[in-house]
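Trainee: missing the sequence, but the structure's below:
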C-alpha cells in the first residue's frame, strides 16, 4: 500500500555505527489526510544477519476490501557499512498476483526480479538496497552521511537510482511527542514521484515520517506512533 520508500546507498568507508540490534516500530498510514492503515515493523540482527518484517493492516472502509495485510520482508547480511540484502519480497498472500520478489547475487553482481508472472535480471550496483532494507540502513549512518545520499534501490519490479538532499534541521510533532529530525527531500525530474523522509536524531536515525505524493496528487504519509529500541550495541 505505502512504503514504497527509498534507496541503495553508496556509503563512504567510515567507522561502523553502533546500530541497535532490534527495533519494533508502529506507524499510522494515511491517504490525503485520512487514516487508512497501521504498519507494524520488526527489525532484528542475529549472528551477522538481519531480518525485517513489515505488515500493514487496512483500517476503516479500506479494511472491507483489503482484508489481508500487506506483508513486506527483507533479509540478508550485516557488514561494516550496514545492510547487504539477499532477498526481498512483497505480497498479500501466496495467491497474490501482485507478489514481487528480488534476489541479490553479490558475487555475480546480478539482481533477479520476479513479478507479474515473469523473471528478469538487472545489474546489481554496489551498496544497493531494497525498499524496506533502506529504511533501516539509516541506523548505520551518522548525520553527516545522510546530508547528500545517492543510491540504487529496488521495489522488486525494477531498480532505480535515487538522490536525496537535506534541508535545515527541524522539529516534528508526532504522536510520540516533538522530535528533532533531519529532513530528506528526493531530488527529482518533472513528473517523478515526490518523496520526503524525516529521520529522528534521538532514535538512531530511524525514519519517523515519510510523505509520498503521486503524479495524480494522491498524498500518502506514514507517521511514527511507537518505537521499541534496546540500547544500541556494536553489530
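Mentor: Received the coordinates, thanks. Everything numeric in this text was worked out from a predicted model, so none of it was measured. Numbering: from 1, shown residues only.

Trainee: which residues sit against the strand ranked longest in the chain?
Mentor: Counting residues, the longest strand found in the chain (DSSP state E) is strand 34-46. Contact with strand 34-46 is made by 1-3, 19, 21-30, 50-60, 62, 78, 135-136, 222, 225, 235, as judged by C-beta atoms under 8 Å, 6 or more residues apart in numbering. Any C-beta I mention is one placed from the backbone N, CA and C, and that applies to glycine too.

Trainee: what pairs with the following helix or strand past it, parallel or antiparallel?
Mentor: Using DSSP states H and E, the helix or strand that follows strand 34-46 in sequence is strand 49-58. Next to strand 49-58 in the sheet, as set by DSSP bridges, lie strand 34-46 (antiparallel), strand 70-79 (antiparallel).

Trainee: buried ones in strand 49-58, by neighbour count?
Mentor: 50, 52, 54-58 (16 or more other C-beta atoms under 10 Å).

Trainee: among those, which two are most distant?
Mentor: Taking C-beta to C-beta as the measure, the buried residues of strand 49-58 reach their widest spread between 50 and 58, a distance of 27.2 Å.

Trainee: hmm, back to that, so which of the strands paired with strand 49-58 comes closest to residue 181?
Mentor: Put simply, out of the strands paired with strand 49-58 the one that sits nearest residue 181 is strand 34-46, at 17.9 Å, with distance taken as C-beta to C-beta.

Trainee: what about that closest one, distance to the chain center?
Mentor: Here the centre of mass of C-alpha atoms in strand 34-46, compared against the chain's by C-alpha atoms, centre = their mean, to the nearest Å, lies 10 Å away.

Trainee: quick check: residue 38 vs residue 30, distance?
Mentor: In this view, residue 38 and residue 30 are 11 Å apart by C-beta to C-beta, to the nearest Å.

Trainee: if we can go back for a sec, now render the strands paired with strand 49-58 as a markdown table, adding distance to residue 146, mean pLDDT and mean neighbour count.
Mentor: Below are these laid out as a markdown table (distance: least, C-beta to C-beta, whole Å; pLDDT from 0 to 100; neighbours: other C-beta atoms under 10 Å):
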| stretch | distance to residue 146 | mean pLDDT | mean neighbour count |
| --- | --- | --- | --- |
| strand 34-46 | 18 | 96 | 18 |
| strand 70-79 | 19 | 96 | 19 |
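
Trainee: could you point out which of those sits nearest residue 230?
Mentor: Going through those one by one, with C-beta to C-beta as the measure, strand 34-46 comes closest at 10.1 Å.
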